[in-house]
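Chemist: Below are the sequence and a predicted model; questions follow.
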Amino acid sequence: MGTSRAYPVFRTTDAAEAYRRAGRLCALLEQVEDKVWLFAELPTVRDVRRIAAIAPGPPFDYAGTRTGPTTGDHLWFDLDVTALDDAAPAGHLPLTFSEEVGRERVEDGILAALGEGMASVEWHGCRPDDPEADSDGHPKYDGVHVVFHGDEAQYGHWTEEHTVFVHVTKFGDPPRARKLAAHIGGEVLGEAQLGW
């Protein structure tokens, strides 16, 4: 068991450039899963609509914990946002979306779907073995991750910047992280963070 280590390797205020660099890192994966993990904080109805266009389905939920006024039970957001007019979800904001979604669907629409909130895309896969760096591929840990409006792999606070991470084995792999960063004209931007 364990969790990957995520190294920040590129940061910019240009979402399209961060996404492009993440794509270049994904191209280095020997194998990439068919689905990506999509997360988004949705503070506006427009943001909800944009994410629903590329990822329709039920995994929308309240951004914070909400409880019923009389029972105190945890409330779940269970409305189909695609079937509601704009006034209906407005009273439930902010919402979040967090779910695996078909890779092609997300890759084709994420830049147009970005809104005011933090969002991220995680590509899980496996890198080829790299004898030169004395590094093996690890399908459980390897991947690429871009966080829009954030600088932490575990979704910390909102920022103007967008950050690209490479995920490696739970033991860390600074040489591989540096090599991957150099491939996209970046550099390791600090300590490894807790990954997925």
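Modeler: Nice, I can see it. Numbers count the residues shown, from 1 in each chain.

Chemist: any idea whether the residue of the chain positioned farthest from its centre is helix, strand or coil?
Modeler: What lies farthest from the middle of the chain is Thr70; by Cα atoms, centre = their mean that is 35.9 Å. Secondary structure state of Thr70, per DSSP: H, G, I helix; E, B strand; the rest coil, is coil.

Chemist: Backbone dihedrals for it, both of them.
Modeler: phi -100, psi -40 (degrees, to the nearest 10).

Chemist: all helices of this structure, in order?
Modeler: For the chain, applying DSSP state H gives helices covering 15-26, 45-54, 87-90, 103-113, 174-183.

Chemist: could the ones you listed go into CSV alongside distance to His74 and mean pLDDT?
Modeler: Glycine gets a C-beta too; all of them are placed from N, C-alpha and C. CSV is the format used below for those (distance: least, Cβ to Cβ, whole Å; pLDDT from 0 to 100):
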stretch, distance to His74, mean pLDDT
helix 15-26, 33, 98
helix 45-54, 21, 94
helix 87-90, 19, 86
helix 103-113, 28, 95
helix 174-183, 39, 96
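
Chemist: what pLDDT does the residue farthest from the centre of the chain get?
Modeler: Thr70 is assigned 90 on the pLDDT scale.

Chemist: again with Pro139
Modeler: At Pro139, pLDDT is 94.

Chemist: tell me, how many neighbours does the nearest residue to it once chain neighbours are set aside end up with?
Modeler: The spatial neighbour of Pro139 that comes closest, neighbours along the chain excluded (Cβ to Cβ, 6 or more residues apart in numbering), is Cys126 at 4.0 Å. Neighbour count for Cys126, taken as other Cβ atoms under 10 Å: 18.

Chemist: list the contacts for the residue nearest the centre of the chain?
Modeler: For the chain, the residue nearest the mean C-alpha position is Ser120 (2.4 Å; Cα atoms, centre = their mean). Taking Cβ atoms under 8 Å, 6 or more residues apart in numbering, we find Ser120 in contact with 37-40, 145-148, 150, 155.

Chemist: just to revisit the earlier point, how about the helices of the chain in a markdown table, adding mean neighbour count?
Modeler: Listed next are those as a markdown table, based on neighbours: other Cβ atoms under 10 Å:
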| stretch | mean neighbour count |
| --- | --- |
| helix 15-26 | 18 |
| helix 45-54 | 20 |
| helix 87-90 | 13 |
| helix 103-113 | 16 |
| helix 174-183 | 18 |
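
Chemist: Can you tell me which of these is nearest to Asp130?
Modeler: Nearest of those to Asp130, taken as Cβ to Cβ: helix 174-183 at 6.6 Å.
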